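[1] next one to model:
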Amino acid sequence: MRMRRMKIHTRDTFYHVMNRLPRKRADSREIFDTEDKSYFVKLMTNLTGFFNVEISSYCIMSNHYHIIFKQKCELLSRP
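    Residues are numbered from 1 along each chain as shown. Presented below is the predicted three-dimensional model:
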């Protein structure tokens, strides 16, 4: 049976999110080209309000990205 990861909730904590895409596209284009990066930044900006986070910094490379953010306020309820 798989163990659950421990979740730590604290105030004023920064989180680092990283995601890497597996391979190049079939047409040998970069996975994140300029158009994709622009769309990703717009999407990320729109979602900050929904998830109530503040993005401190981000970096989008051709095959992966990094985002550093923190939650604006404490969660109203925790499971």
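[2] can you pull out the strands in the chain?
    Along the chain, counting by DSSP state E, strands occupy 14-20, 53-60, 64-71.
[3] most tightly surrounded among those?
    Counting by mean count of other C-beta atoms under 10 Å, strand 64-71 has the highest mean neighbour count of these, with a mean of 16. Yep, even glycine has a C-beta here, placed from its N, CA and C like the rest.
[4] confirm for me that residue 53 is in contact with residue 71.
    Yes. Residue 53 lies in contact with residue 71 (C-beta atoms under 8 Å); the separation is 5.6 Å.
[5] where are the low-confidence patches of the chain?
    Across the chain, residues meeting the criterion (pLDDT under 70) sit at 1-3, 6, 8-9, 23-30, 74-79.
[6] just the helices in it please.
    Remark: helices of the chain, listed N- to C-terminal, are 34-51; assignment by DSSP state H.
[7] contacts for stretch 57-69, please.
    Contacts with stretch 57-69, where a contact means C-beta atoms under 8 Å, 6 or more residues apart in numbering, come from 14-21, 24, 30-33, 37, 40-41, 44, 48, 53-56.
[8] got the CA coordinates for it in CSV?
    What follows is stretch 57-69, C-alpha atoms only, in CSV (Å, rounded to 0.1, in the frame of the first residue of the first chain):
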residue,chain,number,x,y,z
SER,A,57,9.3,34.4,-10.3
TYR,A,58,9.1,31.9,-13.2
CYS,A,59,11.4,30.6,-15.9
ILE,A,60,10.2,28.8,-19.0
MET,A,61,12.7,26.9,-21.0
SER,A,62,12.3,24.9,-24.2
ASN,A,63,11.3,21.7,-22.4
HIS,A,64,10.5,22.6,-18.8
TYR,A,65,9.5,25.4,-16.5
HIS,A,66,10.0,26.6,-12.9
ILE,A,67,7.5,28.7,-10.9
ILE,A,68,8.1,30.1,-7.4
PHE,A,69,5.0,31.3,-5.7
